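**Student:** would you be able to build a 3D model of this:
(one chain, ligands or ions: 1)
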Amino acid sequence: MTKPVIQFKNVQKKFGKNIVIPDLSFTVNQGEFITILGSSGCGKTTTLKMVNGLWQPDAGEILIASQKISDLDLVKLRRHMGYVVQQIGLFPHMTIAENIAVVPKMLQWDQKQIDARVGELLNLVQLDPKQYAQRYPSQLSGGQQQRVGVARALAVNPAYVLFDEPFGALDALTRIELQKEIKRIHASLGNKTFMFVTHDINEALFLGQRVMVMHKGRIEQFAEPAEIVAHPATPFVKELLGTVQQNQKLWGHYND
Ligand SMILES: Nc1ncnc2c1ncn2[C@@H]1O[C@H](COP(=O)(O)OP(=O)(O)OP(=O)(O)O)[C@@H](O)[C@H]1O
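**Tutor:** Numbering: from 1, shown residues only. Coordinates of the predicted model:
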């Protein structure tokens, strides 16, 4: 059964006089993997930051698990929402194990429980705990650091995980590897709701069970990838899909 867990109702967000989100409404259901696709500055990050209460809307309403976000304790809410960003921000003077354990420690888990959880999470993101737990971030590649970022976001078993262009700085092969991983992790964790922001159409269509295409703070289409490809709802979506075909033409040109 579908259960709405993130609902935006006529949400508006301004920065000063600049209305970046004029009127945004959508629903995400429990356990879904949603990608938000759009070009730079269209409001993807702003939308994500309103989901976890970092930004407040200027009008409209946001509901998380049917409760108004304005009625929730935002510190508690953020504990139920993992957050993974491009500049992952691991603490350089802490080991990988300590980095993953930051929130569990804050919540005063006992050390045995923390050690077990760190081991479990490193295995989940395919980093051998024996090899990596005691290393420092600078001793890991960019892709490995992103894996640690994912492990850290999952540390206290949050119901939601928000991703803001987490693989943007990685090379193409590492990126594809991590995309497959994140899809596998979502499937293996069962009922967690993932929202993943990207400006890469291939990434959005590969990862998202539904893809929200945004343009200038508005939703152009919010549908399953196959539906978007078969029936682009607006000229903008059509144009986006056209960029993939253009890339393919470029390849053809090189293969001539
Ligand atoms: N703190 C802020 N103060 C003023 N304007 C802001 C602020 N944060 C974002 N904006 C503006 O809001 C608009 C949307 O920004 P946002 O970061 O949500 O875009 P985005 O789609 O995530 O872009 P990108 O892919 O480049 O990260 C932009 O025009 C941006 O300049």
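
**Student:** doesn't residue 51 make contact with residue 6?
**Tutor:** Yes: between residue 6 and residue 51 there is a contact under C-beta atoms under 8 Å: 6.0 Å. Bear in mind the C-beta positions are built from the backbone N, C-alpha and C, glycine included.

**Student:** near the ligand, which residues of the stretch 101-250 of the chain?
**Tutor:** Residues of the stretch 101-250 of the chain that fall close to the ligand, judged by C-beta under 6 Å from any ligand atom: residue 199.

**Student:** now check stretch 18-32, is it near the ligand?
**Tutor:** Yes: interface with the ligand: stretch 18-32 contributes residue 20 (C-beta under 6 Å from any ligand atom).

**Student:** okay, that stretch in CSV with CA atoms only?
**Tutor:** What follows is stretch 18-32 as a C-alpha-only set of coordinates in CSV (Å, rounded to 0.1, in the frame of the first residue of the first chain):
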residue,chain,number,x,y,z
ASN,A,18,13.8,36.4,-5.8
ILE,A,19,11.1,33.8,-5.9
VAL,A,20,13.0,30.6,-6.6
ILE,A,21,10.1,28.2,-6.0
PRO,A,22,6.8,29.8,-7.0
ASP,A,23,4.3,27.0,-6.2
LEU,A,24,5.5,23.5,-5.7
SER,A,25,3.2,20.5,-4.9
PHE,A,26,4.2,16.8,-4.9
THR,A,27,4.0,13.7,-2.9
VAL,A,28,6.6,11.0,-2.2
ASN,A,29,5.6,7.6,-0.9
GLN,A,30,7.3,5.5,1.8
GLY,A,31,10.1,3.4,0.4
GLU,A,32,10.3,5.2,-3.0
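
**Student:** show me what it is in contact with.
**Tutor:** Applying C-beta atoms under 8 Å, 6 or more residues apart in numbering, the contact partners of stretch 18-32 are 2-14, 34, 43, 46-47, 57, 60, 159, 190-195, 209-210, 212, 217-219, 222.

**Student:** in that stretch, which residues are buried?
**Tutor:** 19, 20, 21, 24, 26, 28, 29, 30, 31, 32 (16 or more other C-beta atoms under 10 Å).

**Student:** check stretch 122-139 too.
**Tutor:** Neighbour counts over stretch 122-139 (16+ other C-beta under 10 Å) mark 122, 124, 125, 127, 129, 132, 133, 137 as buried.

**Student:** swap in stretch 56-71?
**Tutor:** 57, 60, 62, 63, 64, 65, 69.

**Student:** can you verify residue 157 is assigned to a strand?
**Tutor:** No: secondary structure of residue 157 (DSSP: H, G, I helix; E, B strand; the rest coil): coil, not part of a strand.

**Student:** and for it, the neighbour number?
**Tutor:** Using other C-beta atoms under 10 Å, residue 157 has 13 neighbouring residues.

**Student:** and the end-to-end length of stretch 22-38?
**Tutor:** Using C-alpha to C-alpha, to the nearest Å, one end of stretch 22-38 lies 16 Å from the other.

**Student:** sorry, back to before: go through the buried residues of stretch 122-139 and name the one nearest the ligand.
**Tutor:** residue 137 (23.2 Å; C-beta to the nearest ligand atom).
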